[in-house]
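Colleague: Make a model of this:
(one chain, ligands or ions: 1)
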Amino acid sequence: MRLCVLGLGYIGLPTALLLSQKHQVVGVDINQKIVNTLNSGKLPFNEPGLDELLTRAHGNFSAAQKVVEADVFIIAVPTPLEGSMKIADLKYVRSAAEMISLHLKDDNLVILESTVPPGTSERLVIPILRRSGLKTFYFSHCPERAIPGNTIFEIVNNDRIIGGIDKTSNERTKAIYASFVKGNIYLTDAKTAEFVKLMENTFRDVNIALANEFAQIAEESNVDVWAAIELANKHPRVKILKPGPGVGGHCIAIDPWFLTENSTKFKIIPIARQINDSMPNNVLLLVRKLLKELKEPTIAVLGVAYKGDIGDARETPAMKFIKLAENEGFVVKVHDPYVKEFDYKILGAEDAVKDSDCIILITDHNVFKEIDPVKMAKLVRKKNLVDTRNILDHEKWRKAGFTVEVLGKISH
Ligand SMILES: NC(=O)c1ccc[n+]([C@@H]2O[C@H](COP(=O)([O-])OP(=O)(O)OC[C@H]3O[C@@H](n4cnc5c(N)ncnc54)[C@H](O)[C@@H]3O)[C@@H](O)[C@H]2O)c1
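Modeller: Prediction:
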(Lines give C-alpha, C1' and ligand atoms only; values in the text may rest on other atoms or scores of the structure.)
Protein backbone atom coordinates (compact mmCIF):
# COMPACT_ATOMS: atom_id res chain seq x y z
CA MET A 1 0.00 0.00 0.00
CA ARG A 2 1.19 3.52 -0.78
CA LEU A 3 0.48 6.21 1.78
CA CYS A 4 0.97 9.95 1.73
CA VAL A 5 1.19 11.69 5.12
CA LEU A 6 0.73 15.47 5.10
CA GLY A 7 2.46 17.33 7.93
CA LEU A 8 5.74 15.94 9.30
CA GLY A 9 5.59 17.44 12.78
CA TYR A 10 5.36 15.92 16.25
CA ILE A 11 2.45 13.67 15.20
CA GLY A 12 2.75 13.22 11.43
CA LEU A 13 6.41 12.17 11.36
CA PRO A 14 6.19 9.38 13.98
CA THR A 15 2.99 8.13 12.31
CA ALA A 16 4.59 8.19 8.84
CA LEU A 17 7.67 6.34 10.11
CA LEU A 18 5.61 3.73 11.95
CA LEU A 19 3.60 3.12 8.76
CA SER A 20 6.78 2.91 6.67
CA GLN A 21 7.84 -0.22 8.57
CA LYS A 22 5.19 -2.06 6.52
CA HIS A 23 4.12 0.26 3.68
CA GLN A 24 5.54 2.67 1.13
CA VAL A 25 5.17 6.16 2.65
CA VAL A 26 5.78 9.60 1.21
CA GLY A 27 5.81 12.25 3.93
CA VAL A 28 4.78 15.69 2.69
CA ASP A 29 5.57 18.96 4.40
CA ILE A 30 5.34 22.52 3.08
CA ASN A 31 8.47 23.33 5.09
CA GLN A 32 11.41 22.71 2.78
CA LYS A 33 13.92 22.56 5.64
CA ILE A 34 12.06 19.62 7.21
CA VAL A 35 11.92 17.79 3.86
CA ASN A 36 15.64 18.32 3.18
CA THR A 37 16.62 17.30 6.72
CA LEU A 38 14.68 14.04 6.46
CA ASN A 39 15.93 13.22 2.98
CA SER A 40 19.49 13.63 4.23
CA GLY A 41 18.76 10.95 6.84
CA LYS A 42 18.43 13.34 9.81
CA LEU A 43 15.53 14.22 12.10
CA PRO A 44 14.03 17.73 12.33
CA PHE A 45 13.37 17.25 16.10
CA ASN A 46 14.18 14.72 18.80
CA GLU A 47 11.73 12.21 20.15
CA PRO A 48 12.69 8.91 21.82
CA GLY A 49 12.79 6.05 19.28
CA LEU A 50 12.31 8.26 16.21
CA ASP A 51 15.89 7.88 14.92
CA GLU A 52 15.58 4.09 15.10
CA LEU A 53 12.32 4.18 13.11
CA LEU A 54 13.94 6.39 10.46
CA THR A 55 16.90 4.01 10.14
CA ARG A 56 14.59 1.00 9.91
CA ALA A 57 12.36 2.68 7.28
CA HIS A 58 15.13 2.13 4.66
CA GLY A 59 13.74 2.73 1.17
CA ASN A 60 10.13 2.78 2.39
CA PHE A 61 10.09 6.42 3.44
CA SER A 62 10.87 9.61 1.58
CA ALA A 63 9.92 13.22 2.16
CA ALA A 64 8.55 15.68 -0.42
CA GLN A 65 7.04 19.14 -0.59
CA LYS A 66 4.28 18.13 -2.99
CA VAL A 67 1.50 15.58 -2.61
CA VAL A 68 1.89 12.41 -4.68
CA GLU A 69 -0.66 9.83 -5.78
CA ALA A 70 -1.42 7.29 -3.07
CA ASP A 71 -4.02 4.80 -1.84
CA VAL A 72 -4.34 6.52 1.52
CA PHE A 73 -3.78 10.15 2.57
CA ILE A 74 -3.29 11.12 6.21
CA ILE A 75 -3.60 14.75 7.31
CA ALA A 76 -1.57 15.69 10.43
CA VAL A 77 -1.19 19.44 9.97
CA PRO A 78 -1.38 22.07 12.76
CA THR A 79 -4.70 23.43 14.02
CA PRO A 80 -3.73 26.50 16.02
CA LEU A 81 -6.03 28.96 17.74
CA GLU A 82 -7.00 32.26 16.12
CA GLY A 83 -5.49 34.21 19.04
CA SER A 84 -7.88 36.66 20.60
CA MET A 85 -10.99 35.28 18.84
CA LYS A 86 -10.59 31.90 20.53
CA ILE A 87 -11.61 29.93 17.45
CA ALA A 88 -9.80 27.29 15.41
CA ASP A 89 -7.56 28.44 12.58
CA LEU A 90 -8.24 25.76 9.97
CA LYS A 91 -6.13 27.18 7.15
CA TYR A 92 -3.62 24.30 7.23
CA VAL A 93 -6.37 21.67 7.20
CA ARG A 94 -8.06 23.49 4.32
CA SER A 95 -4.84 23.69 2.29
CA ALA A 96 -3.97 20.03 2.98
CA ALA A 97 -7.44 18.93 1.78
CA GLU A 98 -7.06 21.10 -1.32
CA MET A 99 -3.64 19.58 -2.06
CA ILE A 100 -5.09 16.06 -1.74
CA SER A 101 -8.19 16.79 -3.85
CA LEU A 102 -5.91 17.35 -6.88
CA HIS A 103 -4.57 13.79 -6.59
CA LEU A 104 -7.61 11.90 -5.33
CA LYS A 105 -8.57 8.73 -7.24
CA ASP A 106 -11.53 6.34 -6.95
CA ASP A 107 -11.48 4.25 -3.75
CA ASN A 108 -8.80 6.38 -2.08
CA LEU A 109 -9.07 6.81 1.69
CA VAL A 110 -8.43 10.14 3.43
CA ILE A 111 -7.79 10.19 7.19
CA LEU A 112 -7.83 13.42 9.20
CA GLU A 113 -5.68 13.15 12.35
CA SER A 114 -5.55 16.87 13.16
CA THR A 115 -7.68 18.00 16.09
CA VAL A 116 -10.67 20.00 14.81
CA PRO A 117 -13.96 21.52 16.06
CA PRO A 118 -16.96 19.15 15.89
CA GLY A 119 -18.42 19.04 12.38
CA THR A 120 -15.23 20.13 10.56
CA SER A 121 -14.91 16.86 8.63
CA GLU A 122 -18.47 17.11 7.30
CA ARG A 123 -18.65 20.86 6.77
CA LEU A 124 -15.16 21.70 5.53
CA VAL A 125 -12.89 18.78 4.66
CA ILE A 126 -15.21 16.41 2.78
CA PRO A 127 -16.68 19.20 0.57
CA ILE A 128 -13.13 20.22 -0.44
CA LEU A 129 -12.29 16.59 -1.28
CA ARG A 130 -15.53 16.36 -3.33
CA ARG A 131 -14.19 19.09 -5.58
CA SER A 132 -12.08 16.32 -7.12
CA GLY A 133 -15.34 15.21 -8.82
CA LEU A 134 -14.98 11.68 -7.38
CA LYS A 135 -18.02 9.86 -6.05
CA THR A 136 -16.29 7.00 -4.26
CA PHE A 137 -13.68 8.00 -1.78
CA TYR A 138 -13.55 7.06 1.87
CA PHE A 139 -12.94 9.30 4.86
CA SER A 140 -12.30 8.98 8.61
CA HIS A 141 -11.30 11.20 11.48
CA CYS A 142 -8.72 9.46 13.66
CA PRO A 143 -7.57 11.85 16.40
CA GLU A 144 -4.23 11.49 18.13
CA ARG A 145 -3.71 11.06 21.89
CA ALA A 146 0.07 10.89 22.18
CA ILE A 147 2.16 13.02 24.51
CA PRO A 148 5.47 14.65 23.47
CA GLY A 149 8.41 12.83 25.03
CA ASN A 150 6.62 9.48 24.83
CA THR A 151 4.91 9.90 21.45
CA ILE A 152 5.91 6.65 19.78
CA PHE A 153 5.10 4.46 22.76
CA GLU A 154 1.71 6.16 23.11
CA ILE A 155 0.86 6.06 19.39
CA VAL A 156 1.50 2.33 19.49
CA ASN A 157 -0.02 1.46 22.86
CA ASN A 158 -2.92 3.88 23.46
CA ASP A 159 -6.45 2.94 22.51
CA ARG A 160 -7.59 4.67 19.35
CA ILE A 161 -10.90 6.17 18.18
CA ILE A 162 -11.80 6.04 14.49
CA GLY A 163 -14.78 7.96 13.15
CA GLY A 164 -15.55 7.03 9.56
CA ILE A 165 -18.23 8.46 7.31
CA ASP A 166 -19.39 4.90 6.53
CA LYS A 167 -18.69 1.26 7.39
CA THR A 168 -16.05 0.77 4.70
CA SER A 169 -14.19 3.93 5.78
CA ASN A 170 -14.11 2.61 9.34
CA GLU A 171 -12.96 -0.88 8.32
CA ARG A 172 -10.24 0.36 5.99
CA THR A 173 -8.94 2.88 8.50
CA LYS A 174 -8.93 0.25 11.24
CA ALA A 175 -6.89 -2.11 9.02
CA ILE A 176 -4.23 0.58 8.56
CA TYR A 177 -3.91 1.52 12.22
CA ALA A 178 -4.06 -2.13 13.32
CA SER A 179 -0.72 -2.57 11.50
CA PHE A 180 1.06 -0.68 14.31
CA VAL A 181 -1.45 0.07 17.12
CA LYS A 182 -1.44 -2.45 19.98
CA GLY A 183 -4.21 -0.69 21.94
CA ASN A 184 -7.92 -1.27 21.29
CA ILE A 185 -9.46 0.44 18.28
CA TYR A 186 -13.01 1.74 18.71
CA LEU A 187 -15.21 2.70 15.76
CA THR A 188 -17.70 5.55 15.63
CA ASP A 189 -18.72 8.37 13.27
CA ALA A 190 -16.55 11.36 12.33
CA LYS A 191 -18.34 14.00 14.43
CA THR A 192 -18.33 11.85 17.57
CA ALA A 193 -14.60 11.19 17.10
CA GLU A 194 -13.99 14.95 16.79
CA PHE A 195 -16.04 15.53 19.96
CA VAL A 196 -14.31 12.76 21.93
CA LYS A 197 -10.84 14.19 21.29
CA LEU A 198 -11.93 17.65 22.44
CA MET A 199 -13.66 16.29 25.55
CA GLU A 200 -10.45 14.49 26.56
CA ASN A 201 -8.32 17.63 26.53
CA THR A 202 -11.07 19.78 28.03
CA PHE A 203 -11.41 17.27 30.88
CA ARG A 204 -7.71 17.73 31.66
CA ASP A 205 -7.86 21.51 31.37
CA VAL A 206 -10.87 21.83 33.68
CA ASN A 207 -9.33 19.49 36.25
CA ILE A 208 -6.01 21.34 36.21
CA ALA A 209 -8.00 24.57 36.70
CA LEU A 210 -9.67 23.02 39.73
CA ALA A 211 -6.26 22.10 41.18
CA ASN A 212 -5.07 25.67 40.49
CA GLU A 213 -8.13 27.11 42.22
CA PHE A 214 -7.51 24.82 45.19
CA ALA A 215 -3.89 26.11 45.25
CA GLN A 216 -5.01 29.72 45.42
CA ILE A 217 -7.61 29.09 48.11
CA ALA A 218 -5.02 27.09 50.06
CA GLU A 219 -2.53 29.98 49.90
CA GLU A 220 -5.20 32.28 51.39
CA SER A 221 -6.10 29.71 54.03
CA ASN A 222 -2.48 28.96 55.01
CA VAL A 223 -2.82 25.36 53.91
CA ASP A 224 -0.23 23.36 51.99
CA VAL A 225 -2.25 22.36 48.90
CA TRP A 226 0.27 19.68 47.88
CA ALA A 227 -0.09 17.83 51.17
CA ALA A 228 -3.86 18.34 51.07
CA ILE A 229 -4.14 16.93 47.53
CA GLU A 230 -2.07 13.90 48.47
CA LEU A 231 -4.45 13.15 51.31
CA ALA A 232 -7.62 13.86 49.28
CA ASN A 233 -6.36 11.45 46.62
CA LYS A 234 -6.43 8.64 49.20
CA HIS A 235 -10.20 8.70 48.58
CA PRO A 236 -10.95 5.82 46.17
CA ARG A 237 -12.89 8.02 43.74
CA VAL A 238 -10.87 11.25 43.92
CA LYS A 239 -7.91 12.04 41.63
CA ILE A 240 -7.00 15.72 41.90
CA LEU A 241 -4.38 16.83 39.38
CA LYS A 242 -1.36 18.99 40.17
CA PRO A 243 -1.47 22.79 40.30
CA GLY A 244 1.24 24.76 38.52
CA PRO A 245 2.20 27.95 36.68
CA GLY A 246 -0.40 27.41 33.93
CA VAL A 247 -1.13 25.11 31.01
CA GLY A 248 0.65 24.95 27.67
CA GLY A 249 1.31 22.78 24.66
CA HIS A 250 -0.43 22.28 21.39
CA CYS A 251 -3.55 20.68 22.88
CA ILE A 252 -4.82 21.40 26.39
CA ALA A 253 -4.52 25.19 26.25
CA ILE A 254 -6.21 25.32 22.83
CA ASP A 255 -8.66 22.48 22.25
CA PRO A 256 -11.30 23.51 24.84
CA TRP A 257 -11.98 26.58 22.67
CA PHE A 258 -12.68 24.29 19.66
CA LEU A 259 -15.47 22.72 21.68
CA THR A 260 -17.08 26.05 22.54
CA GLU A 261 -16.75 27.84 19.18
CA ASN A 262 -20.05 26.61 17.74
CA SER A 263 -21.96 26.38 20.99
CA THR A 264 -23.99 28.65 23.26
CA LYS A 265 -24.32 26.11 26.07
CA PHE A 266 -20.92 26.25 27.76
CA LYS A 267 -20.18 27.62 31.21
CA ILE A 268 -17.28 25.85 32.92
CA ILE A 269 -14.91 25.60 29.97
CA PRO A 270 -14.04 29.33 29.53
CA ILE A 271 -13.76 29.78 33.31
CA ALA A 272 -11.27 26.90 33.50
CA ARG A 273 -9.30 28.44 30.62
CA GLN A 274 -9.30 31.78 32.43
CA ILE A 275 -8.06 30.24 35.68
CA ASN A 276 -5.22 28.40 33.95
CA ASP A 277 -4.30 31.44 31.87
CA SER A 278 -4.12 33.57 35.01
CA MET A 279 -1.61 31.31 36.79
CA PRO A 280 1.47 33.16 35.45
CA ASN A 281 0.02 36.31 37.07
CA ASN A 282 -0.16 34.37 40.32
CA VAL A 283 3.46 33.32 40.02
CA LEU A 284 4.35 36.97 39.54
CA LEU A 285 2.59 37.80 42.82
CA LEU A 286 4.81 35.29 44.62
CA VAL A 287 7.91 36.81 43.01
CA ARG A 288 6.80 40.36 43.85
CA LYS A 289 6.35 39.33 47.47
CA LEU A 290 10.03 38.37 47.62
CA LEU A 291 11.38 41.31 45.64
CA LYS A 292 9.26 44.18 46.93
CA GLU A 293 12.20 46.19 48.30
CA LEU A 294 14.37 45.81 45.22
CA LYS A 295 14.72 48.25 42.35
CA GLU A 296 15.10 46.76 38.84
CA PRO A 297 15.62 43.19 39.97
CA THR A 298 17.05 40.47 37.76
CA ILE A 299 15.25 37.14 37.81
CA ALA A 300 16.32 33.72 36.52
CA VAL A 301 13.61 31.50 34.98
CA LEU A 302 14.38 27.78 35.18
CA GLY A 303 12.44 25.92 32.50
CA VAL A 304 10.36 27.31 29.66
CA ALA A 305 9.05 24.01 28.22
CA TYR A 306 5.33 23.68 28.91
CA LYS A 307 5.92 20.42 30.78
CA GLY A 308 8.77 18.49 32.34
CA ASP A 309 11.53 16.60 30.51
CA ILE A 310 10.58 17.74 27.01
CA GLY A 311 11.81 20.54 24.73
CA ASP A 312 8.39 21.74 23.55
CA ALA A 313 7.67 25.38 24.48
CA ARG A 314 4.51 25.88 22.41
CA GLU A 315 1.86 27.90 24.30
CA THR A 316 4.07 27.67 27.38
CA PRO A 317 2.89 29.62 30.45
CA ALA A 318 6.55 30.60 30.90
CA MET A 319 6.15 33.07 28.03
CA LYS A 320 3.32 34.98 29.70
CA PHE A 321 5.21 34.99 33.00
CA ILE A 322 8.35 36.38 31.34
CA LYS A 323 6.39 39.10 29.55
CA LEU A 324 4.55 40.07 32.75
CA ALA A 325 7.86 40.21 34.61
CA GLU A 326 9.38 42.41 31.91
CA ASN A 327 6.36 44.74 32.10
CA GLU A 328 7.09 44.94 35.81
CA GLY A 329 10.58 46.25 35.00
CA PHE A 330 12.42 43.01 35.83
CA VAL A 331 15.42 41.87 33.82
CA VAL A 332 14.68 38.23 32.88
CA LYS A 333 17.29 35.55 32.17
CA VAL A 334 16.18 32.15 30.93
CA HIS A 335 17.55 28.61 31.21
CA ASP A 336 16.08 25.39 29.82
CA PRO A 337 18.17 22.26 29.21
CA TYR A 338 15.86 20.94 26.46
CA VAL A 339 14.22 23.86 24.63
CA LYS A 340 16.18 24.84 21.52
CA GLU A 341 13.93 27.48 19.96
CA PHE A 342 12.46 30.26 22.06
CA ASP A 343 11.81 33.98 21.69
CA TYR A 344 14.31 34.69 24.48
CA LYS A 345 17.96 33.66 24.55
CA ILE A 346 18.39 30.37 26.39
CA LEU A 347 21.41 30.54 28.71
CA GLY A 348 23.29 27.84 30.59
CA ALA A 349 22.02 27.32 34.16
CA GLU A 350 24.90 29.16 35.82
CA ASP A 351 24.79 32.12 33.40
CA ALA A 352 21.05 32.49 33.97
CA VAL A 353 21.32 32.36 37.74
CA LYS A 354 24.46 34.53 38.08
CA ASP A 355 23.75 37.85 39.85
CA SER A 356 19.99 37.22 39.88
CA ASP A 357 17.70 38.32 42.71
CA CYS A 358 15.23 35.45 42.42
CA ILE A 359 15.22 32.00 40.84
CA ILE A 360 11.82 30.91 39.55
CA LEU A 361 11.30 27.27 38.66
CA ILE A 362 8.57 27.10 36.01
CA THR A 363 9.03 23.65 34.42
CA ASP A 364 9.29 20.37 36.33
CA HIS A 365 12.34 19.03 34.50
CA ASN A 366 13.75 16.23 36.66
CA VAL A 367 17.32 17.52 36.21
CA PHE A 368 16.40 20.61 38.23
CA LYS A 369 16.16 18.39 41.32
CA GLU A 370 19.93 17.84 41.02
CA ILE A 371 20.78 21.56 41.24
CA ASP A 372 23.03 22.25 44.21
CA PRO A 373 21.57 25.16 46.24
CA VAL A 374 24.94 25.82 47.91
CA LYS A 375 26.51 26.41 44.51
CA MET A 376 23.55 28.60 43.48
CA ALA A 377 23.89 30.64 46.69
CA LYS A 378 27.41 31.62 45.61
CA LEU A 379 26.22 32.76 42.18
CA VAL A 380 23.11 34.78 42.96
CA ARG A 381 22.87 38.41 44.15
CA LYS A 382 19.88 37.73 46.44
CA LYS A 383 18.88 34.30 47.74
CA ASN A 384 15.22 33.99 46.71
CA LEU A 385 13.48 30.96 45.18
CA VAL A 386 9.95 30.44 43.83
CA ASP A 387 9.09 26.81 43.09
CA THR A 388 5.87 26.68 41.05
CA ARG A 389 5.94 22.86 40.80
CA ASN A 390 6.91 21.85 44.32
CA ILE A 391 9.72 19.60 43.08
CA LEU A 392 12.77 20.98 44.89
CA ASP A 393 14.08 20.02 48.32
CA HIS A 394 13.05 23.25 50.03
CA GLU A 395 14.80 22.47 53.31
CA LYS A 396 18.11 22.16 51.46
CA TRP A 397 17.54 25.51 49.72
CA ARG A 398 16.59 27.16 53.01
CA LYS A 399 19.72 25.74 54.65
CA ALA A 400 21.73 27.31 51.81
CA GLY A 401 20.23 30.67 52.85
CA PHE A 402 17.34 30.97 50.35
CA THR A 403 13.92 32.40 51.12
CA VAL A 404 11.55 29.97 49.45
CA GLU A 405 8.01 30.51 48.16
CA VAL A 406 6.08 27.54 46.79
CA LEU A 407 2.93 27.88 44.70
CA GLY A 408 -0.03 26.63 46.73
CA LYS A 409 1.88 26.54 49.99
CA ILE A 410 2.16 28.91 52.94
CA SER A 411 5.56 30.57 53.16
CA HIS A 412 7.78 29.91 56.18
N1 LIG B 1 1.83 17.42 19.35
C2 LIG B 1 1.01 16.68 20.07
O3 LIG B 1 1.38 16.17 21.10
C4 LIG B 1 -0.42 16.39 19.60
C5 LIG B 1 -1.16 15.45 20.32
C6 LIG B 1 -2.45 15.17 19.89
C7 LIG B 1 -2.98 15.83 18.77
N8 LIG B 1 -2.22 16.75 18.09
C9 LIG B 1 -2.80 17.39 16.91
O10 LIG B 1 -2.14 16.88 15.76
C11 LIG B 1 -2.07 17.90 14.75
C12 LIG B 1 -0.63 18.09 14.31
O13 LIG B 1 0.09 18.56 15.42
P14 LIG B 1 1.68 18.56 15.47
O15 LIG B 1 2.03 18.80 16.90
O16 LIG B 1 2.21 17.36 14.79
O17 LIG B 1 1.99 19.86 14.57
P18 LIG B 1 3.44 20.39 14.12
O19 LIG B 1 3.33 21.85 14.06
O20 LIG B 1 4.50 19.73 14.91
O21 LIG B 1 3.60 19.82 12.63
C22 LIG B 1 2.75 20.08 11.60
C23 LIG B 1 3.51 20.14 10.29
O24 LIG B 1 2.55 20.33 9.23
C25 LIG B 1 3.18 21.10 8.21
N26 LIG B 1 2.13 21.61 7.32
C27 LIG B 1 1.31 22.66 7.45
N28 LIG B 1 0.43 22.74 6.41
C29 LIG B 1 0.73 21.70 5.58
C30 LIG B 1 0.18 21.24 4.36
N31 LIG B 1 -0.85 21.84 3.79
N32 LIG B 1 0.74 20.16 3.80
C33 LIG B 1 1.79 19.52 4.39
N34 LIG B 1 2.34 19.91 5.55
C35 LIG B 1 1.81 20.99 6.16
C36 LIG B 1 3.97 22.13 8.98
O37 LIG B 1 5.00 22.68 8.19
C38 LIG B 1 4.50 21.29 10.17
O39 LIG B 1 5.79 20.79 9.91
C40 LIG B 1 -2.71 19.16 15.37
O41 LIG B 1 -4.07 19.23 15.01
C42 LIG B 1 -2.58 18.88 16.86
O43 LIG B 1 -3.57 19.58 17.61
C44 LIG B 1 -0.95 17.03 18.48
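Colleague: And the residue of the stretch 251-400 of the chain that's closest to the ligand?
Modeller: Per C-beta to the nearest ligand atom, C251 is where the stretch 251-400 of the chain lies closest to the ligand, at 5.2 Å. All C-beta atoms are positioned from the backbone trio N, CA, C, and that covers glycine.
Colleague: wait, isn't that residue in contact with T115?
Modeller: Yes - here C251 reaches T115: they are 6.8 Å apart, a contact under C-beta atoms under 8 Å.
Colleague: who are the neighbours in contact with A352?
Modeller: Neighbour list for A352: A300, V301, L302, K333, V334, H335 [criterion: C-beta atoms under 8 Å, 6 or more residues apart in numbering].
Colleague: For it, grab phi and psi.
Modeller: Note on A352: backbone dihedrals following degrees, to the nearest 10 are phi -70, psi -40.
Colleague: per-residue confidence at S411?
Modeller: On the pLDDT scale, S411 is placed at 65.
Colleague: try L18
Modeller: With respect to pLDDT, L18 has a value of 97.
Colleague: how about the nearest residue to it, chain neighbours excluded?
Modeller: Of all residues not flanking L18 in the chain, F180 sits nearest, at 4.5 Å (C-beta to C-beta, 6 or more residues apart in numbering).
Colleague: pretty sure the one you found is in contact with A16, am I right?
Modeller: No - between F180 and A16 there is no contact under C-beta under 8 Å: 11.1 Å.
Colleague: These two: which is more packed in?
Modeller: A16 (30 against 17; other C-beta atoms under 10 Å).
Colleague: The more buried one is in contact with V28, isn't it?
Modeller: No - if you go by C-beta under 8 Å, A16 and V28 don't touch, sitting 9.1 Å apart.
Colleague: Give me the common contacts of those two.
Modeller: V5, L8.
Colleague: L13: which element?
Modeller: Element membership for L13, per DSSP states H and E: helix 12-19.
Colleague: swap in T188?
Modeller: Per DSSP H and E: strand 185-189 holds T188.
Colleague: which is the next helix or strand following that strand?
Modeller: helix 190-220.
Colleague: Let me see the mean pLDDT of that next one.
Modeller: Mean predicted confidence for helix 190-220 is 97.
Colleague: same deal with stretch 101-121?
Modeller: Averaged across stretch 101-121, pLDDT comes to 97.
Colleague: Enumerate every residue touching G246.
Modeller: N276, D277, S278, M279, P280, P317, K320, F321.
Colleague: which neighbours do C251 and T115 share?
Modeller: N201.
Colleague: so the residue nearest the centre of the chain, which of the three states?
Modeller: The centroid of the chain falls nearest to G249 when counting by C-alpha atoms, centre = their mean (2.8 Å). The three-state assignment at G249 reads coil, by DSSP: H, G, I helix; E, B strand; the rest coil.
Colleague: Could you export the contacts of A352 as CSV, including secondary structure and pLDDT?
Modeller: Listed next are the contacts of A352 as CSV, based on DSSP: H, G, I helix; E, B strand; the rest coil; pLDDT from 0 to 100:
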residue, secondary structure, pLDDT
A300, strand, 98
V301, strand, 98
L302, strand, 98
K333, strand, 98
V334, strand, 98
H335, strand, 98
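Colleague: out of those residues, what pair is the most spread apart?
Modeller: L302 and K333 (10.0 Å; C-beta to C-beta).
Colleague: N282 and N212, how far apart?
Modeller: Distance from N282 to N212, counting by C-beta to C-beta, to the nearest Å: 8 Å.
Colleague: Please say which of those two ends up with more neighbours.
Modeller: More neighbours surround N212 than the other of N282 and N212, with 26 against 21 (other C-beta under 10 Å).
Colleague: what's the neighbour count on the residue nearest to N212 when sequence neighbours are not counted?
Modeller: Among residues not flanking N212 along the chain, P243 sits closest, at 4.8 Å (C-beta to C-beta, 6+ apart). Each residue near P243 was counted by other C-beta under 10 Å, and the total is 29.
Colleague: which residues does P243 contact?
Modeller: Per C-beta under 8 Å, 6+ apart, neighbours of P243: I208, A211, N212, F214, A215, V225, I229, M279, L407, G408.
Colleague: Of the residues you listed, just say which sits nearest to the ligand.
Modeller: I208 (16.2 Å).
Colleague: count of residues packed around whatever residue of the stretch 1-150 of the chain ends up closest to the ligand?
Modeller: Nearest to the ligand, among the residues of the stretch 1-150 of the chain, is G9, at 1.7 Å (C-beta to the nearest ligand atom). By other C-beta under 10 Å, the residues close to G9 number 16.
Colleague: Tell me the confidence at it?
Modeller: What the model reports as pLDDT for G9 is 96.
Colleague: helices or strands next to the helix or strand bottoming out on mean pLDDT in the chain in the packing?
Modeller: Lowest by mean pLDDT, DSSP states H and E among the helices and strands of the chain is strand 81-82, with a mean of 93. Helices and strands touching strand 81-82, by 3 or more C-beta pairs under 8 Å, 6 or more residues apart in numbering; DSSP states H and E, are strand 87-88.
Colleague: and the strand it packs on, how far out from the chain's middle?
Modeller: Strand 87-88 has its C-alpha centroid displaced from the chain centroid by 17 Å (C-alpha atoms, centre = their mean, to the nearest Å).
Colleague: That one pairs with which strands?
Modeller: Paired neighbours of strand 87-88 in the sheet (DSSP bridges): strand 81-82 (antiparallel).
Colleague: Go ahead and measure how far the partner strand is from the middle of the chain.
Modeller: 15 Å.
Colleague: That one and the ligand, any residue contact?
Modeller: No - taking C-beta under 6 Å from any ligand atom as the criterion, strand 81-82 and the ligand are apart, separated by no less than 10.0 Å.
Colleague: Name the residues that touch that strand?
Modeller: Counting by C-beta under 8 Å, 6+ apart, I87, A88, D89, I254, W257 sit against strand 81-82.
Colleague: Neighbours of the residue nearest to the fourth one when sequence neighbours are not counted, how many?
Modeller: Of all residues beyond its chain neighbours, the one nearest I254 is L81 (4.7 Å), with distances taken as C-beta to C-beta, 6+ apart. As a burial measure, the neighbour count of L81 was computed by other C-beta under 10 Å and equals 19.
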